[in-house]
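In: when you get a sec, could you give me coordinates for this:
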Amino acid sequence: MVVALSRSDNHYDGVLRILNLLADRIVDDMKKAKAILIKPNFVSTHVSLSATPVDSVKALIDFIYKYVGRRHIIIAEGPALGSIDTALRNYGYIDLKDEYDVEFFDINEDPEYEVFKVYSRSLRGDVKVRVSKTVLEADYRISICRPKTHDTVVVTLSVKNMVMGAIMGTDKSKMHQGYLAINMNIAEMARYLMPELAIIDGYVGMEGNGPVGGSPVRWGVALTGTNPVEVDALTAWLMGFEPEDVGYLFFLNKMGYGEINPKNINVIGEDSANLRIKFAPHRTYRSQLSWRDRKEEGLRILGLI
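Out: The predicted structure is shown next:
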């Protein structure tokens, strides 16, 4: 597995550049898919800095059309705050319908779903959440998002974007059962929802009190790869954080889903050491790290020790 890393001059060119770097590793698998599901991030429908820029998605679709051919492309999202229709209008996505003949899909309103148990604050596993079957059964899932700091799990990147977005409606809040539990829950649900391709558009990220109320960071990088755990781990490190402090990445690494030590991640394109900066963390950052005090308990519950 490799992670493609590039400097980025704008949302469109940065995403296209990293996809071209990885083309020979992803095009064949994309060609096997009858439908490709693209999951942007619209956590808020009114704060543009919290959302995936439409130009990032345009670059992705242009790449698909050029190298894969016309496919049924589903842009699927289930915002935590507001409706998908509002987000599509506010963030300029509506024009994609005519330009590319894409389908917009509201994950929160999926009529078909599967029910999974997640861990409660007491870690008894007695809370049930509905997960969209459209996302679960997609031929090829792509998570595309900005790098942002977060109020409970340090950073929100490609894995969390796909997992939390696939959980329907008010059930999203059930994942938030304390710092240890939410990291365990994201890792456990990622077993079923791991994207086939992860894209991080870091031309402008968010630092501070993310994922909605933070401040912009003009970073000028982009990353992609077919192992989302490794893409997210490298991104977290480039943001100035230690990947092992991100609980869901720690647990996914223990599950065997990917390397999280940046020294052991195979990077093509730019030298990662030249692009590392320091994102200001969320004000609750120190409290968020309390999951580490109970990580052995989490590993036991997940059957990893």
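In: since we're on Trp237, how many residues are nearby?
Out: Neighbour count for Trp237, taken as other C-beta atoms under 10 Å: 20. From N, CA and C alone the C-beta is placed, and that goes for glycine too.
In: which element is it on?
Out: Using DSSP states H and E, Trp237 sits in helix 228-238.
In: now that helix: average pLDDT?
Out: On average, the pLDDT along helix 228-238 is 98.
In: that one packs against which elements?
Out: Helix 228-238 is packed against strand 3-7, strand 155-156, helix 158-166, strand 197-207, strand 215-225, helix 247-254, with contacts defined by 3 or more C-beta pairs under 8 Å, 6 or more residues apart in numbering; DSSP states H and E.
In: now that helix, how far from the centre of its chain.
Out: 11 Å (C-alpha atoms, centre = their mean, to the nearest Å).
In: contacting residues around that helix?
Out: 1, 3, 5, 143, 147, 154-155, 157-159, 162, 194-195, 198, 200, 202, 221, 223-225, 242-243, 246, 249, 252-253, 257-262, 265, 267, 272, 275-277 (C-beta atoms under 8 Å, 6 or more residues apart in numbering).
In: measure Glu207 to Met164 for me?
Out: Distance, Glu207 to Met164, using C-beta to C-beta, to the nearest Å: 20 Å.
In: just the strands from the stretch 1-150 of the chain, written as ranges.
Out: Along the stretch 1-150 of the chain, the stretches classed as strands by DSSP state E, counting those that start in this stretch are 3-7, 35-39, 72-77, 103-106, 113-118, 127-132, 140-145, 148-149.
In: comparing these, which comes out most buried?
Out: For the strands of the stretch 1-150 of the chain, the largest average neighbour count (mean count of other C-beta atoms under 10 Å) is found in strand 148-149, namely a mean of 28.
In: what about Glu99, distance to Pro53?
Out: Distance, Glu99 to Pro53, using C-beta to C-beta: 16 Å.
In: and those two? which has more neighbours close in?
Out: Pro53 (23 against 10).
In: cool, thanks, talk later.
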